[in-house]
Structure formats: structure tokens, C-alpha cells
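Visitor: Please find the sequence and the predicted model below.
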Amino acid sequence: MMLDAPLAPEAESNQRPARDPQPRLAIVDGDVHPAVRSLADLKPYLPARWWEVLTTYGSRRRQGMTYEPYPKSAPLASRRDAWPEEGGRPGSSLNLMRRQFLDAYGIAFGILGPLGITGHNELNLDLAGALASAVNDWQREVFTRPEPRLRSGLVVPFDDGPAAVKEIERCAPDPAFAQVFMLTRTCEPAGNRRYWPIYEAAERHGLPVAMHVFGASGHPYTGAGWPSYYVEEGAGHSTSCQTVVTSLVSEGVFERFPKLKVVLVEGGFAWLAPLSWRLDKVFERMRSEVPHLKRKPSEYIRQHIWATTQPIEEPADPKHLFDMMEWIGWDRLLFASDYPHWDFDDPLRAFPAGMPRERSRQILTANAKAVYRLPG
Amino acid sequence: MSQDWAGAIDCDFHPRMPTARALRAYMDERWRHITEVRGINAWESIAYPPNAPLTMRPDWRESGADADPVKAAQATLDRFGFAHAICNCLFPVQTFRDENLAAVFARALNDWLAAEWLAKDARLRGSVVLPMQSAERAVEEIERRADDPRFVQVLMLVFGEQPLGKSVYWPVYAAAERHGFTVGIHAGSSYHHAVTGSGWPSYYLEDYAAQALGFHTQAGSFVAEGVFTKFPKLKVVLIESGVTWLPPYLWRLSKFWRGVRIEVPWVDRPPEEVVREHVRLTTQPFDGPPGAAHIGRILDQLGSDEMLLFATDFPHWQYDGEEMLPAGLSPDLRRKILIDNPLATYPRLSLRRPT
């Protein structure tokens, strides 16, 4: 699948564009994952006390194991060609990221979202705060300072509101931070008031709040218990995105924070139209329960919610996808590649044939300007 | 604008539930005693608060239309000439932690349905409420009802202990398939887990909206666990599930399957195809945009005209007046939804009652 010319540099078959292309489009990528070579990369940024706790007792999150419970199709869920020659994990080599990704595709801005041991869902909240700060400082030193095309995701220990706000205050003055970065599986639904201080601070600093799929909430990943397979977890990420949107809307977060922008990351997007219809219908019946809502759920969604495109849905008939994009709003979609992960969406090939060129441009580049804090 | 509803089969119809105390009349001496001594007089779920607007349409609330088979028939079957209505009991058997209590109440509830409703109107059909806390007890209940052709379906809730495709439940599907029962999964929760993967939402509105997420889970679970490979004749009906969420979910499920099929090698074709063949959905609540403008494009996404089954969801307030189906359906599709698809989905509807 490829875009209508001339968005793509010469049409290639399976060859990745290795030579110096003339980027015709300033692509903004809403989901790029930087990684540590090993945990020791964080040591310089972590107070000695917390390095000791981390290495003595380990990272303890709301799941009974040290890594994600569902093994993926590839080691560290990464593209097999994304392992740096010099060692370390995919996403840890700025050189490789430049060569294989930023330069190759003409990426104008890559918005970072650090995953793994970042303080997210960490049970010891003091450790959570220390880790989040360390990850934010590490992003700046290793990625955004040497490479201005990369912009940081401001990691917050979201289960601890006051600490999260403190971290936002500490980092937000640095323009290299483009978004506040959370996970969809919070330990209470994301609209609950324990998270409001985070939204208040994000709104005040003009930062969108990105909710990236995954996380360990302490609850089974579904309301019907734990599924067996990654195929279920992976497909089911759209359900945790729906929980986020439903809760933010129902709790009146967008009434309270009218300039708040929320981006759902890596959950696809086609689910958003049916969810809007369903919520409007339920709201019509039960509006007496939520008098703090002044408008229909779909109107809040249309104004405050964006979704990144990866992993893009692939119905057999692309028209079905275009219908969904139209119903959601072409302006609500942001391109994301998920580099360097295994289900990477190639910006030159992600959208199906027949996608109107101006729509591709909008999603690849223009929409991002309304959302992220970017220079220019 | 009056439409022809004659011969339609209502695949989701709710009699008003008895209290736990009233179900004692359908228990043996020992359990009557135990439930009385323990004071189990009321056992109510938070799933359908009796006074919530959704729970009962205002005119039906006014007339008490769900209170007995005569009134219920006046509001639906008599008025529109439906051929059948399938009664789905929402007494919350699934919420018991004790599988013995669950089995006793399930049995009493099914006996109650047979005596108080199915025996009173020959058009009514029933679903066998299963105590899914134990596959063994659920199978016992299926065997108990197998010879009664008025029971056409076995019924579970969308949010239980574990995703329903897991092999721990396969004896239930083996028994259902053996006796020609359709497997119905209805909105509602055991509340043994929070309804979302991020915990308990604040509002009933969110709880009800979240039911659709459970149906995502179950569609994925039946496919990924290979239930339909093992039980090729099985049909699963998602009841009160909504409809429009399904295609986007199947696009995701099929895409992930293409990427990670190494972990589920028994799924030997795209999940979309499996679901189209084995999974059905009832039409209320229909969660499309208002009006008829997009209905064709939305239904086209399903990729099949055999998946939708007519349902009123009586007496829940899903629609006003006679707007029982979304506007804009072709006459052919309408007929399939009202009659042909239900008949094809419920083989036991065609069983004759022994005289």
C-alpha cells in the first residue's frame, strides 16, 4: 500500500529508503519510543538512594512480573532490523534512529514516549517520582538536546497527583517537552478526580496529554478477566482507549479544563466513531446522572480528543476506513509510526490506496501543529 | 408510518424478575430452609437500577408491562404479531461467589420462567440461565433443560470470571452444541471484576457504555481460543451488545492475528471470517448515528446480512414508539433480521413441542 505520488520519495518495492531523500513533507510522528541501552543509563539521573532501591528490590508494578505479561511476536516488541550494531536495545541508539528513521523518512518531529521502567504504575510512589524525573532528564541529555527533531514526552508518576504536577512544573519550561505522557491503564478510570491536577497543569502549560496503550492498572485487562493471548490484548487496547475517553467525558473533565487536549496513542482510531454514537445514546437516557455535562459526549470528543493512527486498521475495503475517518473528523487523526516496534507503520505506506492526498498530508503533518507544543 | 412486523422473532425480551424470596417456591425443602435461615430475600445487581431511565421505557413503566405475560404480550407480541419472543432472565445468578448458591438459584429461576411465563403463552421461548461459576454445574443445568423445546438458548453474562472462550468452559459448549442450544451472551456483569481494565467507573452511564467493551473481549476470546474450531456448529449471540463497534474491533483482531498467529495456530483463517460465520448480534440498542443517512455504509462494514437478529430489548428504554429497527433498511434485509436470521441462529426454535 502506498500513498498517491508525489508524497513518497520514488516508489520502492521492499527497499527502505536509504539514500538521502528530498523530504517533501514535514512528517510529524506522534509515537516514537526511545530506550535505555540498559537500566544503568538511568543511574546518572537517579538519586543514589533510589538507584539502590531499584537494584535491590526491583521495579514493582501492579502486575506480578517484571515485564509485560503477554510475550509479543518479536524480542522487546521490536523490529528485527532496529537492534543497534553497537549493542543496546532498539531505540537506544540515536545514530541508528537518525539513519533508519528520521533521515530516511524526512521526519520533521518525532514525539517521544518512553516505556518500560519509567515510574509509570510503580507501586512505591517515591520511587515512581524519582524514576519519572530521571527518565525526563535522560531524554533531554540523550535525545532531544543532540537532536532537535525529537521532542520529549513528559513522563509523570500519574498515580501520585501532587508529584505529577511537580514534575510538570519542573519540566514544562523546557520547550523540548511536547506532551505529557501517561498510559491508558491507570489504576482508576482516567477521568477520576485524582488525576485532575495533572490535567490542570497540562492545560496551563499548553501541553497535550498523551495516553499511550499498555500499563498495569492492578485490574484484569478486561472486565471479564484476563485473556490468554497477546492477540487479544493487542486487539483489546482499543477498549482501554474507550475507557479513557468515556471516563474523561463522563467526569466532566472537559468542562473543567476547556483547553485540555488528549491524544490516544497506539490504539488505532476506528473505534472512536462507534463510541461517540454509543455515548450520545446513553447520555440521552441518563443525563440526569451527569448534570455537569453541558453538551453531548460526541461534542466533547470532537473538540478535545485526538488519536494516532498506528496500528492503522486495515479493513478489506478501504472505503470503510475512509468512512470512519470522516465520521471521526479528518482533523482528529495524527500519524504515528511506533518506531522501533515490530508493528511499525511506514509513513509512506501506512494509508490505503485511494486515500485523498490532502487528507494524508493533513494527518502526516498539519494536524499535529494544532496539538503538540512544537516550534514554528 | 406503520410497518409489517408479523412473524418477527424478538431475540431479547425481559420478564420482570422475581425476588430471591419468591424463587424459594422453586427450591427443594433443604434449599428453601437454607436461603430462609440465611436471609437471602433480596439479591439484586447494580446492572439495571430499577428506577434508572434505561431500565424501563416510561409508558411500559406506567402500565407495568413487564409484570406478567398477558401485559407483556399486549405491549409487544399481540400488538405487532411477533411469532416468538425469547425471554432472557436478568436475575443476577452470576454474582454469587458460592457456586452452590448460583446453581440453586439458576435452577429455581429457570423453573420459575417455565412455570410463570413459558407455560402462559405458547409464543414465548426461554434462555437457560447458567451458573457459570462452575462449568460442571452449568452442564447439569443444560442437561436438565435439554428435553424442553421451549428453551432455545443458554445464557451467560458478558462480564464473568474469565473470558468465555477459555477451555475451562468448553464442557458447556460441548453440551450446548450436543443439544442444539445457541449460546447467548447478554450485557451485565458478575461484578467479580471491575467493568473496565482501569477499575470501577463513577457513573451508571459509564457502566452501561462499558458493556460493549466486554463484547469485544468475548468476541476476541472465542476466536483466539479456537472455540469454533472445536465446536463448528456453535452459534454465539451477543445480546444487548450494540453493533457498530464490531467491525473496527475485527479489523484490529484480524490485523493482530496476521502479526502474531504463531501463538494461536488453530485460528486458521482471519478472525473476521470466523466471527461472520459464528457470531450474531441483536439489534437493540442500535448504536449508530441518528437518522438513516449512514445506515448502509455502517451495515456494509459487517460484511454479512446474516449477523443481525431482531430484538426489542423489552422493557428497556432503547427506542420510542415503534422505532424498533434503525431506519433505512431494505425490505429484504429487514425480513432477514426479523425472521430468517433468528430462525437460522436458533435451531431449537424449529423444534416441535411434544404433545
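Guide: Done, it's in.
Visitor: Is the helix ranked longest in chain A in proximity to chain B?
Guide: Once chain A is assigned using DSSP state H, the helix that runs over the most residues is helix A:230-250. Yes. Where contact is defined by CB under 8 Å from any CB of the partner chain, part of helix A:230-250 touches chain B, namely A:230-232, A:234-236, A:238-240, A:242-244, A:246-247, A:250. No exception for glycine: its C-beta is placed from N, CA and C like everyone else's.
Visitor: Settle this for me: A:Leu102 is touching A:Arg149, isn't it.
Guide: Yes. Contact between A:Leu102 and A:Arg149 holds when scored by CB atoms under 8 Å: they sit 5.5 Å apart.
Visitor: Now the common contact residues for the two.
Guide: Shared contacts of A:Leu102 and A:Arg149, defined by CB atoms under 8 Å, 6 or more residues apart in numbering or on different chains, are found at A:Gly110.
Visitor: still on that earlier bit, check which helices and strands the longest helix of chain A sits against.
Guide: Packing contacts for helix A:230-250, counted by 3 or more CB pairs under 8 Å, 6 or more residues apart in numbering or on different chains; DSSP states H and E, involve strand A:262-265, helix A:272-286, helix A:297-304, strand A:305-308, helix B:204-224, helix B:246-260.
Visitor: Dump these into JSON lines; add mean neighbour count, distance to B:Ala73 and mean pLDDT as well.
Guide: Written out in JSON lines, the entries for the helices and strands packed on helix A:230-250 read as follows (neighbours: other CB atoms under 10 Å in any protein chain shown; distance: least, CB to CB, whole Å; pLDDT from 0 to 100):
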{"stretch": "strand A:262-265", "mean neighbour count": "26", "distance to B:Ala73": "46", "mean pLDDT": "98"}
{"stretch": "helix A:272-286", "mean neighbour count": "23", "distance to B:Ala73": "25", "mean pLDDT": "97"}
{"stretch": "helix A:297-304", "mean neighbour count": "20", "distance to B:Ala73": "36", "mean pLDDT": "98"}
{"stretch": "strand A:305-308", "mean neighbour count": "27", "distance to B:Ala73": "45", "mean pLDDT": "98"}
{"stretch": "helix B:204-224", "mean neighbour count": "27", "distance to B:Ala73": "27", "mean pLDDT": "98"}
{"stretch": "helix B:246-260", "mean neighbour count": "24", "distance to B:Ala73": "32", "mean pLDDT": "97"}
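Visitor: Of all these, which one is nearest B:Ala138?
Guide: Put simply, out of these the one that sits nearest B:Ala138 is helix B:204-224, at 15.9 Å, with distance taken as CB to CB.
Visitor: Output the closest one in CSV with nothing but the alpha carbons.
Guide: Extracted as CSV, the C-alpha positions of helix B:204-224 are listed here (Å, rounded to 0.1, in the frame of the first residue of the first chain):
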residue,chain,number,x,y,z
TYR,B,204,-24.0,4.1,35.8
LEU,B,205,-23.8,5.7,32.4
GLU,B,206,-20.2,4.6,32.1
ASP,B,207,-21.0,1.1,33.4
TYR,B,208,-23.6,0.7,30.7
ALA,B,209,-21.4,2.1,28.0
ALA,B,210,-18.6,-0.3,29.1
GLN,B,211,-20.8,-3.3,28.4
ALA,B,212,-19.7,-3.0,24.7
LEU,B,213,-16.1,-3.4,25.8
GLY,B,214,-16.9,-6.8,27.3
PHE,B,215,-18.4,-7.9,24.0
HIS,B,216,-15.1,-7.0,22.3
THR,B,217,-13.4,-9.2,24.9
GLN,B,218,-15.7,-12.2,24.3
ALA,B,219,-15.6,-12.0,20.5
GLY,B,220,-11.8,-12.0,20.8
SER,B,221,-11.7,-14.8,23.3
PHE,B,222,-14.0,-17.2,21.3
VAL,B,223,-11.8,-16.7,18.2
ALA,B,224,-8.4,-16.8,19.8
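Visitor: and the angle for it with helix B:246-260?
Guide: Using axes from the mean of the first three to the mean of the last three CA atoms, to 10 degrees, the inter-axis angle of helix B:204-224 relative to helix B:246-260 is 40 degrees.
Visitor: distance of B:Cys89 from chain A?
Guide: Taken as CB to the nearest CB, to the nearest Å, the spacing of B:Cys89 relative to chain A amounts to 20 Å.
Visitor: Return the per-residue confidence for A:Gln15.
Guide: According to the per-residue confidence, A:Gln15 scores 50 in pLDDT.
Visitor: What of A:Arg19?
Guide: A:Arg19 is assigned a pLDDT of 52 by the prediction.
Visitor: and the residue lying closest to B:Leu281 once chain neighbours are set aside, bridged to which residues?
Guide: Distances taken as CB to CB, 6 or more residues apart in numbering or on different chains put B:Leu238 closest to B:Leu281, at 4.8 Å, once the chain neighbours are dropped. For B:Leu238, the beta-bridge assignment (DSSP bridges) gives partners B:Ile185, B:Leu281.
Visitor: so who does B:Leu238 touch?
Guide: Each residue near B:Leu238 by CB under 8 Å, 6+ apart is listed here: B:Val158, B:Ile185, B:Phe215, B:Gln218, B:Ala219, B:Val279, B:Arg280, B:Leu281, B:Thr282.
Visitor: Any chance of a markdown table for the residues you listed, columns distance to B:Arg178?
Guide: As requested, these are exported to a markdown table (distance: CB to CB, whole Å):
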| residue | distance to B:Arg178 |
| --- | --- |
| B:Val158 | 24 |
| B:Ile185 | 19 |
| B:Phe215 | 26 |
| B:Gln218 | 21 |
| B:Ala219 | 23 |
| B:Val279 | 20 |
| B:Arg280 | 20 |
| B:Leu281 | 25 |
| B:Thr282 | 25 |
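Visitor: closest to B:Trp317 among those residues?
Guide: Scanning the contacts of B:Leu238 for proximity to B:Trp317, where the rule is CB to CB, the winner is B:Thr282, at 15.7 Å.
Visitor: That closest one against B:Phe215, yeah?
Guide: No. Using CB under 8 Å, B:Thr282 makes no contact with B:Phe215, being 10.9 Å away.
Visitor: Identify the contacts common to those two.
Guide: With contacts defined as CB under 8 Å, 6+ apart, the residues adjacent to both B:Thr282 and B:Phe215 are B:Leu238, B:Ser241.
Visitor: Do a quick rundown of the strands in the stretch 1-150 of chain B.
Guide: Under the criterion DSSP state E, counting those that start in this stretch, the stretch 1-150 of chain B carries strands at the ranges B:9-13, B:84-87, B:124-129.
Visitor: Can you say which of the ones you listed is nearest to A:Arg49?
Guide: The closest approach between A:Arg49 and any of those, judged by CB to CB, belongs to strand B:124-129 at 56.5 Å.
Visitor: That closest one: partners in the sheet, and parallel or antiparallel?
Guide: Strand B:124-129 has these partner strands in its sheet, going by DSSP bridges: strand B:84-87 (parallel), strand B:151-159 (parallel).
Visitor: Also compute the angle for that strand relative to strand B:9-13, please.
Guide: Strand B:124-129 and strand B:9-13 meet at an angle of 40 degrees, taking the same axes, to 10 degrees as the criterion.
Visitor: ok, which stretches of chain A are strands?
Guide: Chain-ordered strands for chain A, with DSSP state E as the definition, fall at A:27-32, A:107-112, A:150-155, A:177-183, A:209-212, A:262-265, A:305-308, A:333-334.
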